[in-house]
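**Q** Got a predicted structure here, sequence first:
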Amino acid sequence: MTFKDLEIIEPILKALSAEGYTHPTPIQEQSIPILLNRNDLLGCAQTGTGKTAAFAVPILQHLFLDHKSTSINQRKIRALIITPTRELAIQISDSFTAYGKFTGIKNTVIFGGVKQGQQTDALRRGVDVLVATPGRLLDLMNQGYISLKDVEYFVLDEADHMLDMGFIHDIKKIIAKLPTKRQSLFFSATMPADIVDLSRKILGNPQRVTVKPEQATAEKVEQAVYFVSKKSKPKLLVHLLETEAVESTLIFSRTKHGADKIVRFLEKADISAAAIHGNKSQGARQRALGEFKSGETSVLVATDIAARGIDIDELSLVINYDLPNIPETYVHRIGRTGRASASGIAISFCDAEERAFLRDIQKLIDQKIPVVTEHPFLVDGIDGTPIDEEKPKNARSQKSGNGGGRNNGWKNRKPAVKKQR
């Protein structure tokens, strides 16, 4: 199936072609027809499945066809997209700009952590689509800069992380200001009871689309796990970065403090790295992200929430320095590589305390992650032992799946980019 088969209009088809999009992903193929028919949608999909285009393309098409005669001076906020982080808000806004470049539809993005002047100036000039984080949106609404009375299309993205970040009360305040008659879209990676309850308050009688984790992960992402002690993780990380020839590596840390600690260790090893998390200023976060995208920095260390909105077309490698205790988060993380139709590599460090997390992850994705049994920081007792299975006597000399083979291959590759002195 192609985008043309989905009855997308020519101006948007032209923009999608310019972006290199030819065939829709599963979430796009399932969602776009529902949204073009103006139905509400409850979508369950992981990062990396292409869900931004799944909702942006139909919204742009509706706005283009319904408001052709609207003059520049008559622009009103007709589509509102709420998302939890600044990085993701910026990324969604960029996507609307790319997909709508031949439609004349104008969007802007607002978020906290920066002065509001440029944002309020853009609002005064008029916009059709507003992408926002909840706090800054409510602030500018209270100041009288924003009215939601003309909103026809409403998207709540990354709902589970929105609740994790404590935005539930802000979301309810925003929803109360929206017109009753609207098309509503609700996207979440997981559907626990509180998310389902919130969706009932937002949506009427929605159609449902689910892209399963194994579909999102796909076999295109090559996975491997390293059993290592907690104290040896920094040394193993440096070893891999110095022996693996990759252009860009995204490392996930469980905590903000941990992310900074990893960067300091890498800097001591002369490996160019930067951290991105909620304690960093907006300017520092955007600078780090920009340098990573441009290739100036080869390694980016991030927490899960801060990583939302990181969209690198050819991200070479994802490293789970800390395994997540929520299995779905693992799928989110490795979805950062192997985007859309690309292939990717994701490796994970697993210490003794994280074995239970690994079991849960493998149960969710319904596959065993290959174990690398030959590396300098093996730990006796868990070095290469398959989960819940007895360790073979010659475990140190065995390879497990393609993981062991990959480790041999790394020895012959060029090192990661070194920091300029």
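**A** Nice, I can see it.
**Q** how about Ala98, phi and psi?
**A** phi -70, psi -50 (degrees, to the nearest 10).
**Q** Skipping adjacent residues, who's closest to it in space?
**A** What sits nearest to Ala98 in space, not counting adjacent residues and going by C-beta to C-beta, 6 or more residues apart in numbering, is Glu19, at 5.6 Å. All C-beta atoms are positioned from the backbone trio N, CA, C, and that covers glycine.
**Q** neighbours of that neighbour, just the number please.
**A** With neighbours defined by other C-beta atoms under 10 Å, the count for Glu19 comes to 13.
**Q** next structured bit after the helix ranked longest in the chain?
**A** In the chain, with assignment by DSSP state H, the single longest helix is helix 51-66. The helix or strand immediately downstream of helix 51-66 is strand 79-82, counting by DSSP states H and E.
**Q** Give me the mean pLDDT for that next one.
**A** Strand 79-82 carries an average pLDDT of 98.
**Q** and what of stretch 318-331?
**A** pLDDT averaged over stretch 318-331 gives 87.
**Q** now do stretch 51-64
**A** Mean pLDDT, stretch 51-64: 95.
**Q** Quick one: distance of it to the chain centre.
**A** Relative to the chain's own centre, stretch 51-64 is displaced by 19 Å; criterion: C-alpha atoms, centre = their mean, to the nearest Å.
**Q** Angles on the backbone of Leu35, please.
**A** phi -70, psi -30.
**Q** again with Met141
**A** phi -70, psi -40.
**Q** for the chain, which spans come out with low pLDDT?
**A** 46-48, 69-73, 212-220, 305-314, 338-343, 380-421 (pLDDT under 70).
**Q** What residue spans form the domains of it?
**A** 4-211, 215-410 (automatic domain parsing).
**Q** wait, Val299 sits on Ser272?
**A** Yes: Val299 is within contact range of Ser272, at 6.4 Å (criterion: C-beta atoms under 8 Å).
**Q** Who has more neighbours out of the two?
**A** Val299 (25 against 19).
**Q** Do a quick rundown of the helices in the stretch 51-200 of the chain.
**A** Under the criterion DSSP state H, counting those that start in this stretch, the stretch 51-200 of the chain contains helices at 51-66, 86-99, 117-125, 134-142, 159-164, 168-176, 193-202.
**Q** any chance of those helices in TSV, with mean neighbour count and distance to Ala346 too?
**A** Output for these, formatted as TSV (neighbours: other C-beta atoms under 10 Å; distance: least, C-beta to C-beta, whole Å):
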stretch	mean neighbour count	distance to Ala346
helix 51-66	23	20
helix 86-99	22	20
helix 117-125	13	36
helix 134-142	18	31
helix 159-164	21	20
helix 168-176	15	31
helix 193-202	14	26
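**Q** which one of these lies closest to Lys280?
**A** Comparing the helices of the stretch 51-200 of the chain against Lys280 with C-beta to C-beta, the closest turns out to be helix 86-99 (10.5 Å).
**Q** Next, the angle helix 134-142 makes with that closest one.
**A** Inter-element angle recorded for helix 86-99 and helix 134-142: 70 degrees (by axes from the mean of the first three to the mean of the last three C-alpha atoms, to 10 degrees).
**Q** who touches helix 86-99?
**A** 12, 15-16, 18-19, 52-53, 56-57, 60, 81, 83, 105, 107-113, 129, 131-133, 157-158, 276, 282, 285-286, 289, 306-311 (C-beta atoms under 8 Å, 6 or more residues apart in numbering).
**Q** Pull out the CA atoms of it and give them to me as CSV.
**A** What follows is helix 86-99, C-alpha atoms only, in CSV (Å, rounded to 0.1, in the frame of the first residue of the first chain):
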residue,chain,number,x,y,z
ARG,A,86,9.7,20.3,25.0
GLU,A,87,11.8,18.1,22.7
LEU,A,88,8.8,16.1,21.5
ALA,A,89,6.8,19.2,21.0
ILE,A,90,9.5,20.7,18.8
GLN,A,91,9.8,17.5,16.8
ILE,A,92,6.0,17.3,16.2
SER,A,93,6.0,20.9,15.1
ASP,A,94,8.8,20.2,12.7
SER,A,95,6.8,17.3,11.3
PHE,A,96,3.8,19.5,10.7
THR,A,97,6.0,22.0,8.9
ALA,A,98,7.5,19.3,6.7
TYR,A,99,4.3,17.5,5.8
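**Q** can you state the direction angle for it and helix 51-66?
**A** 50 degrees.
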